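> let's see this in three dimensions:
(2 chains)
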Amino acid sequence: MKGLVSRFKKQSKLFKIEFTAALLLTAACIAAIPVMSWFSHSRELKTAAYINAPINLYITATHESDSSRINLGDINITAKNRDGEYTAYKNYVFCVRKINVDEYILQLACTTNIPFTYEIYRAEFLGRTSEPVSIDEFGIKSCTIQHEVNGVLQTDTYSEENNNIALYEGEYNGTSMVYAYRLYGSNLIEEKQINDDNRDGIADNTYTTESYHANSNIQINANPLYYQSDSIIRDPGNIVEEPMDGSTSDYYILKVKWDKEKIKSKDIDNNKETDIVYITAGNTTKNNITSETTESE
Amino acid sequence: MCGIIYNKCIYARKEVPSMEKNSKKLPKKRIILLIGAAALLVINIVFYSLGWFTFSSNSSTNGMDMLSDKSPFELRTEGKAYSGEDVPVGYKLLDILELSDFGDVNGDKTSNQTGEYEVDGNTTGSYSVNWLLSDESNFGNSDVYSDTEENEGLKPGSRGKLVFYIKPHEDKAPMTISCIPQLVPYKLTTSGEKTTGAVMNSETANNFLKGHILFFRDYNESSKTYSDPVLFDGDDLAFEVEVTSADEVMVELYWIWPNTLPELLLESYDDNLLGRHNILDNINPEEVEPTSQASGSTGNEVPAKQKLLGQMKAHKNYYFYADTLPTDSLLDDLANHGSYLKQAYIAACTAYNNADQFIGTNISCIVLKLVCSVK
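Numbering: from 1, shown residues only, chains lettered A, B, ... in the order given. Now for the predicted structure:
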């Protein structure tokens, strides 16, 4: 050993460097073996998924139309049906369009100057026609739509006299069009007031501070009443033609109602006060891990 | 003779200065050799470093055979059997990304699929295999991919349960298995009819995935809350599974992409959580029966919400996308139903949503890898 050391010492500097490097390298390669061996010990699972975001959720009028204002001022309180009875309701169609949204809630906020009540129902699209809407002598609107059922052309007339029907006059590809809808199911915001403990149609003070950044000197009818639906998922039985942008649409009917007796007692007339109604949609997280195929309502 | 010696001496005298000159200036060939050796050494050192930080105490070797020692465990994964074009998008996506090693799903052997596939390093020649998808995984298991609501691509609000099994080899238990979930963002590009994918080298994208797609070991069906989070604490996230006997251990891993910030921080009675529910367990575990904890979990000393809040404060860049990030005190205030300012609350929610939008706008798809090794 001593001989080897002294022989090593006698070697040139260059030899010493090279020898040391070779020694280190050999040691490094040997040490790599257990490390490699460890890598062979690990096990790995892998899966992949597309990202379906960003999300979009917005309220529009029907069929790719821009959102439209619902003009409460245009409501004719004294409108009557053919039997001379007050109709005491008005239906408006709106649409929730969304991309990458599974579940959402609907919220309605309204001030309460006019004694209206508001209900929201799901709506079924019945069809459209380029024929203009016809208005009879009672001011009742109706339209006639042709459907193809099992290869046979069928004609149906939809009248707003039926309180489940709503007509919407809009445009489709630059042509004036009348769309017909029928409401179904239950009122999605029935008993869903979140700030009306007394159920008297007047907001309590639960959210007054949030609404006005103040909690006093607020006129009670100016204090908005808030409704909020349960989580809503798409109705698989009511999927109609979709726009080409990947979005899906759910149709709803807002039913504005008033009390016939209040017309007679003059508590309500066409000289209405000012009220504001907001409808909003917000997405929610799925409540269940497994995907549902039925309506959650 | 003298003449010869003399000549030699002269020769020797001439040689000495020549040698000295050479020793000062190395020949090019030697320099290249030295550089090569040094490079090899550096590579080895890097290799050890990687190995060291994930070192297994059970590893061993057998002579020069680098793959000689069998893993003390295998992973098993169960899922549906598919055939032909009906395979879920997750499998197709792995093919596109050239990560799939499971040809039978698409191939001729599909008809023989029993829906169960046992991972075996010797058979597959790979330690990495496709995670078979079940209905409840909600991770790439839709049958058809399209831009409609029917597909199960991930989006805020998505959630699911991933299941796998750890199968110890004989006489290898007990042991502790360390499992590391990794989310890798990919960007897809289509040229003609061919779609290809490449890993995104975006620190921002990687960070947002860490904070927006969360993993948990436990889920309470009745309260619909998660507990025992598996969080990125610094650079890595891992959970451990104890294998106590030779029996196979089923491991459940819950994942969720929360929809909104309030779902993580607010309480159910909070006014600003309207229409939503809080998804994190906030019960002190000392008040919970031990049996309710996930099997094999490492314990749950701090409620999930508090753990997440701690991580959120430490790594705001995982959660928020804004010029001004929410302050610690605001996040504390939100989590503890304090008297937070409405404007600040909205700003924090928007910053959280912006990060979701960043993920959706920039990342085409993600690969989830779960690397398991003996601790």
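> residues near A:Gly73, how many?
Neighbour count for A:Gly73, taken as other Cβ atoms under 10 Å in any protein chain shown: 9. Just so you know, the C-beta spots here come from the backbone N, C-alpha and C atoms, and that holds for glycine as well.
> how about the contacts made by it?
Counting by Cβ atoms under 8 Å, 6 or more residues apart in numbering or on different chains, A:Gly73 touches A:Lys272.
> how close does it get to B:Met200?
According to Cβ to Cβ, to the nearest Å, A:Gly73 and B:Met200 sit 53 Å apart.
> would you pull up the residue in chain B closest to chain A?
Nearest residue of chain B to chain A (Cβ to the nearest Cβ) works out as B:Gly360 at 2.5 Å.
> and that residue, helix, strand or coil?
Put simply, B:Gly360 is helix when judged by DSSP: H, G, I helix; E, B strand; the rest coil.
> contacting residues around B:Glu242?
Counting by Cβ under 8 Å, 6+ apart, B:Glu242 makes contact with B:Pro174, B:Thr176, B:Ile177, B:Val249, B:Gly296.
> the residue of chain B closest to chain A: neighbouring residues, count only.
B:Gly360 has 20 nearby residues by other Cβ under 10 Å.
> list the strands paired with whichever strand or helix holds A:Tyr92, with their directions.
In the assignment (DSSP states H and E), A:Tyr92 maps to strand A:89-99. Using DSSP bridges, strand A:89-99 pairs in its sheet with strand A:56-60 (antiparallel), strand A:248-258 (antiparallel).
> deepest of those, which one?
Among the strands paired with strand A:89-99, strand A:248-258 has the highest mean neighbour count (mean count of other Cβ atoms under 10 Å in any protein chain shown), at a mean of 21.
> next SSE after that one?
Next helix or strand after strand A:248-258 toward the C-terminus (DSSP H and E): helix A:260-264.
> where is the longest strand in chain A?
Across chain A, the strand with the greatest residue count (assigned by DSSP state E) is strand A:116-129.
> quick check: buried residues in that one?
A:116, A:118-129 (16 or more other Cβ atoms under 10 Å in any protein chain shown).
> okay if I get the residues you listed as JSON lines plus pLDDT and distance to B:Leu231?
Shown next, in JSON lines, are the buried residues of strand A:116-129 (pLDDT from 0 to 100; distance: Cβ to Cβ, whole Å):
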{"residue": "A:Phe116", "pLDDT": "91", "distance to B:Leu231": "50"}
{"residue": "A:Tyr118", "pLDDT": "94", "distance to B:Leu231": "44"}
{"residue": "A:Glu119", "pLDDT": "95", "distance to B:Leu231": "45"}
{"residue": "A:Ile120", "pLDDT": "95", "distance to B:Leu231": "40"}
{"residue": "A:Tyr121", "pLDDT": "96", "distance to B:Leu231": "44"}
{"residue": "A:Arg122", "pLDDT": "95", "distance to B:Leu231": "41"}
{"residue": "A:Ala123", "pLDDT": "93", "distance to B:Leu231": "44"}
{"residue": "A:Glu124", "pLDDT": "91", "distance to B:Leu231": "46"}
{"residue": "A:Phe125", "pLDDT": "89", "distance to B:Leu231": "46"}
{"residue": "A:Leu126", "pLDDT": "89", "distance to B:Leu231": "52"}
{"residue": "A:Gly127", "pLDDT": "88", "distance to B:Leu231": "53"}
{"residue": "A:Arg128", "pLDDT": "87", "distance to B:Leu231": "52"}
{"residue": "A:Thr129", "pLDDT": "90", "distance to B:Leu231": "58"}
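> what is the nearest of those to B:Thr190?
Nearest to B:Thr190 among the buried residues of strand A:116-129, counting by Cβ to Cβ, is A:Phe125 at 34.0 Å.
> the strands in the stretch 151-300 of chain B, which residues?
Assigned by DSSP state E, counting those that start in this stretch, the stretch 151-300 of chain B shows strands spanning B:159-168, B:175-191, B:194-199, B:214-220, B:225-230, B:239-243, B:249-256.
> in its sheet, what does the longest one sit against?
Meaning strand B:175-191. If you go by DSSP bridges, strand B:175-191 pairs up with strand B:194-199 (antiparallel), strand B:239-243 (antiparallel), strand B:365-374 (antiparallel).
> buried deepest among these, which one?
Of all these, strand B:365-374 has the most neighbours on average by mean count of other Cβ under 10 Å, namely a mean of 22.
> B:Thr196 and B:Leu188 touch, don't they?
Yes - the pair B:Thr196 / B:Leu188 is scored as a contact, 7.1 Å apart, by Cβ atoms under 8 Å.
> identify the contacts common to those two.
With Cβ under 8 Å, 6+ apart as the test, B:Thr196 and B:Leu188 both reach B:Ile96.
> I'd like to know which helix or strand in chain B has the lowest mean pLDDT.
Lowest by mean pLDDT, DSSP states H and E among the helices and strands of chain B is helix B:121-124, with a mean of 41.
> does A:Asn221 touch A:Thr111 like I think?
Yes - using Cβ under 8 Å, A:Asn221 is in contact with A:Thr111, at 6.1 Å.
> so which of the two has more stuff around it?
Neighbours were counted for A:Asn221 and for A:Thr111 using other Cβ under 10 Å; A:Thr111 has more, 20 against 17.
> measure how buried the nearest residue to the more buried one once chain neighbours are set aside is and give me the count.
Nearest non-adjacent residue to A:Thr111, counting by Cβ to Cβ, 6 or more residues apart in numbering or on different chains: A:Asp275, 4.9 Å away. Using other Cβ under 10 Å, A:Asp275 has 17 neighbouring residues.
> same thing with the one 4 residues further on?
A count of nearby residues for A:Ile279, using other Cβ under 10 Å, gives 21.
> wait, a strand at it?
Yes - under three-state DSSP, A:Ile279 sits within a strand.
> returning to that earlier point: let's have the buried residues of strand A:116-129 in CSV, adding distance to B:Glu78.
Converted to CSV, those look like this (distance: Cβ to Cβ, whole Å):
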residue, distance to B:Glu78
A:Phe116, 57
A:Tyr118, 50
A:Glu119, 48
A:Ile120, 44
A:Tyr121, 44
A:Arg122, 39
A:Ala123, 43
A:Glu124, 41
A:Phe125, 42
A:Leu126, 46
A:Gly127, 47
A:Arg128, 49
A:Thr129, 54
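> and which of those is nearest to chain B?
A:Ile120 (14.4 Å).
> one step back: nearest to A:Lys264, of the strands paired with strand B:175-191?
So among the strands paired with strand B:175-191, strand B:365-374 is nearest, using Cβ to Cβ, at 64.2 Å.
> then that closest one to PDB, C-alphas only?
The C-alpha trace of strand B:365-374 is given here as PDB (Å, rounded to 0.1, in the frame of the first residue of the first chain):
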ATOM      1  CA  CYS B 365     -56.200  19.700 -20.600                       C
ATOM      2  CA  ILE B 366     -54.500  18.300 -17.500                       C
ATOM      3  CA  VAL B 367     -52.800  15.000 -16.700                       C
ATOM      4  CA  LEU B 368     -53.200  13.700 -13.200                       C
ATOM      5  CA  LYS B 369     -50.300  11.500 -12.100                       C
ATOM      6  CA  LEU B 370     -50.200   9.600  -8.900                       C
ATOM      7  CA  VAL B 371     -46.700   8.400  -8.000                       C
ATOM      8  CA  CYS B 372     -46.500   5.900  -5.200                       C
ATOM      9  CA  SER B 373     -43.400   4.600  -3.500                       C
ATOM     10  CA  VAL B 374     -42.400   3.000  -0.200                       C
END
